[in-house]
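>>> Could you look at this predicted model? Sequence included:
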Amino acid sequence: RQDVMCHPGPQAPAYRMTADDVVFSLRRAADPERSAYAGDYQGMTVERVDDFTVDVMLETPISSILFFPKVADYAGGFIVCRRAVEAAGDEGFADHPVGTGPFRFDSRQPGERVRLKANADYFRGRPLLEGVEVVYVPDFEERDAALRKGELDVIFGSEETGWFEATKGEKSIQVDVFGVGQVITVHFNTGKPPLDDKRVRWALAYALDREAFRSLFAEGVVENVYSPVPADFLPGGLTEDEVARLGLDYAHDKAKARTLLAEAGYVNGFDLKLVTSQRHHYRANYESLREQLAPFNIEIQLEVVEHRVMHERIRQDENAIVIYVAWRPNADVFLTRFFHSDSTVVTGASPDTNFSHYDQIDPLIEAARSTREPAQQVRIWKQAQIKLLDDAVAYPLHYVNLVYARRRNVDYGHALKAAMALYPQFNETTRLEN
């Protein structure tokens, strides 16, 4: 576009965004000193052609499935205003970000709130709202009470059935459920006894019941998944029918679970200590895991900690079973970050979120990545997941949609279908009705 304006900042005036900003932004995303996602941009060269054209060149050609997320990335590839970044420096820019959207940064109180104000020069027109205030309220009951009193207009809601049903009956409040659904998967650590025995992992998979997990959430909030890559959202996922035909859906079977545990020498079960986040979609699933495995003499001691602390500790390889909630932009990222040996927590070449310590599908992940034909790529991704499901290194549970509640006078100005940012978008058409 030729009509996009960068906001004015404390050290740089407003100016028209050009290819220079795009080149600067993508090179910045590729800089390991500045970006945690620099690896996603290795082998990519970005050059300016003219004011409004950019060339993106790749050392190794890749498919369209893998290319598009690199230039519309949910993490590393945001386009920023070059002059503002260079004038303020990275730290100064973090304190006073400058963008091109319908609202400009106004002020913030760390840990409390951020204030935005309308951007009169927005290319789609001046916003209907004068501004937006985003308030940090970690306690859900406090958020809920503020919404009901009219002190907040929109809140991050709850997946719990009781709140969901009670709030749906409120005349002044609208509950919205939308995607993209984050995928919840149970990861079994193949490097820790007794889960290093495949028979034990098979037994756990047969002992668990997806519908029991699903019942923890309000109707419509979660939907079952049957492979680590969600078939409903991304190419390369396996459907329920596909895994059932292969016998890899692990339909709930208590007798089979007991037989496998006995064969593995654990007729009397075993004990595990696990750490979980206090957040509902973590804690509720871990508690259900504990309850479902108790009849098999598998005793789980749960320690509930702050969400941040849980993430630190599971990355230190504390849990033999990790329940993880995540969204990733394509099958390659899902499989690489969770199941490639380089991504193994603590010991991997690039430690990330391979909690299973799994190393049996590296060649398939790499082969799919280098394939330019999308159909062939999808076939390889499915083959990789068939292998890891057969080895029972992961038990896919469900995807959980986003739940937000708003006062009924809030009109977003657009339908809520899916949001990569994981919250409703406030844009130039959002308004408060009388």
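Sure thing, it's come through. Numbers count the residues shown, from 1 in each chain.

>>> residues in contact with the closest residue to residue 65 other than its chain neighbours?
Among residues not flanking residue 65 along the chain, residue 374 sits closest, at 5.3 Å (Cβ to Cβ, 6 or more residues apart in numbering). Bear in mind the C-beta positions are built from the backbone N, C-alpha and C, glycine included. Listed by Cβ atoms under 8 Å, 6 or more residues apart in numbering, the contact partners of residue 374 are 63, 64, 65, 235.

>>> for the protein, which spans come out with low pLDDT?
73-76 (pLDDT under 70).

>>> In a strand, residue 333, correct?
No - going by DSSP: H, G, I helix; E, B strand; the rest coil, the assignment for residue 333 is helix, not a strand.

>>> Residue 258 in helix, strand or coil?
Classified using three-state DSSP, residue 258 is helix.

>>> was I right about it contacting residue 296?
Yes - using Cβ atoms under 8 Å, residue 258 makes contact with residue 296 at a distance of 6.6 Å.

>>> which neighbours do the two share?
By Cβ under 8 Å, 6+ apart, residue 258 and residue 296 have these common neighbours: residue 203.

>>> Please tell me how far residue 217 sits from residue 163.
Distance of residue 217 to residue 163, given as Cβ to Cβ, to the nearest Å: 11 Å.

>>> should've said residue 244
34 Å.

>>> Give me the more crowded residue out of these two.
Remark: of residue 244 and residue 163, residue 163 carries more neighbours, 19 against 14, as counted by other Cβ atoms under 10 Å.

>>> starting at the chain centroid, how far to the strand or helix carrying that one?
Applying DSSP states H and E as the criterion places residue 163 in helix 161-168. Centre-to-centre, helix 161-168 and its host chain are 25 Å apart (Cα atoms, centre = their mean, to the nearest Å).

>>> let's number from 24 now, not from 1
Sounds good: first residue 24 from here, last item helix 184-191.

>>> pretty sure residue 299 is in a helix, no?
No - looking at residue 299 with three-state DSSP, it is strand, so not inside a helix.

>>> Now it: closest residue in space, sequence neighbours ignored.
Ranked by Cβ to Cβ, 6+ apart and with sequence neighbours excluded, the top spatial neighbour of residue 299 is residue 309, at 4.1 Å.

>>> just residue 37 next, same as before
residue 31 (4.2 Å).

>>> same deal with residue 245?
Leaving aside its chain neighbours, residue 245 sits nearest to residue 421 (4.3 Å; criterion: Cβ to Cβ, 6+ apart).

>>> Repeat that for residue 338.
Nearest residue to residue 338, sequence neighbours excluded (Cβ to Cβ, 6+ apart): residue 368, at 5.4 Å.

>>> do residue 453 as well
Nearest to residue 453 is residue 436, by Cβ to Cβ, 6+ apart, at 4.8 Å.

>>> quick one: that neighbour from residue 143, how far?
Shown here: residue 436 relative to residue 143, a distance of 18 Å by Cβ to Cβ.

>>> more crowded one of these two?
In this view residue 436 and residue 143 are compared by other Cβ under 10 Å, and residue 436 has more residues nearby, 15 against 11.

>>> residues in contact with the more buried one?
151, 450, 451, 452, 453, 454.

>>> Can I have the buried ones of the residues you listed as a ChimeraX selection?
Here is the ChimeraX command that selects the buried residues among those (16 or more other Cβ atoms under 10 Å):
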select :450,451,452,453
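
>>> From the contacts of residue 436, pick the one nearest residue 160.
Nearest to residue 160 among the contacts of residue 436 is residue 453, at 20.2 Å by Cβ to Cβ.

>>> Please name the residues that touch that closest one.
By Cβ under 8 Å, 6+ apart, the contact set of residue 453 is 150, 151, 152, 433, 434, 435, 436.

>>> Residue 178: which of those residues is nearest?
Closest to residue 178, out of all of the contacts of residue 453 and judged by Cβ to Cβ, is residue 433, at 10.9 Å.

>>> Tell me if I'm right that that closest one and residue 177 touch.
Yes - with contact defined as Cβ under 8 Å, residue 433 counts as touching residue 177 (6.0 Å).

>>> in which helix or strand would I find residue 164?
Per DSSP H and E: helix 163-172 holds residue 164.

>>> in that helix, what counts as buried?
Going by neighbour count (16+ other Cβ under 10 Å), the buried part of helix 163-172 is 163, 166, 167, 170, 171.

>>> May I have it exported as PDB, CA atoms only?
C-alpha atoms of helix 163-172 as PDB (Å, rounded to 0.1, in the frame of the first residue of the first chain):
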ATOM      1  CA  PHE A 163     -10.600 -13.700  37.200                       C
ATOM      2  CA  GLU A 164     -13.200 -12.900  39.900                       C
ATOM      3  CA  GLU A 165     -12.100  -9.300  39.900                       C
ATOM      4  CA  ARG A 166     -12.300  -9.100  36.100                       C
ATOM      5  CA  ASP A 167     -15.700 -10.700  36.100                       C
ATOM      6  CA  ALA A 168     -17.000  -8.300  38.800                       C
ATOM      7  CA  ALA A 169     -15.700  -5.300  37.000                       C
ATOM      8  CA  LEU A 170     -17.500  -6.300  33.800                       C
ATOM      9  CA  ARG A 171     -20.800  -6.800  35.600                       C
ATOM     10  CA  LYS A 172     -20.400  -3.400  37.200                       C
END
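
>>> List the buried residues in the very next helix or strand once past that helix.
Once helix 163-172 ends, the next helix or strand along the chain (criterion: DSSP H and E) is strand 177-179. Buried positions in strand 177-179, judged by neighbour count with 16+ other Cβ under 10 Å: 177, 178.
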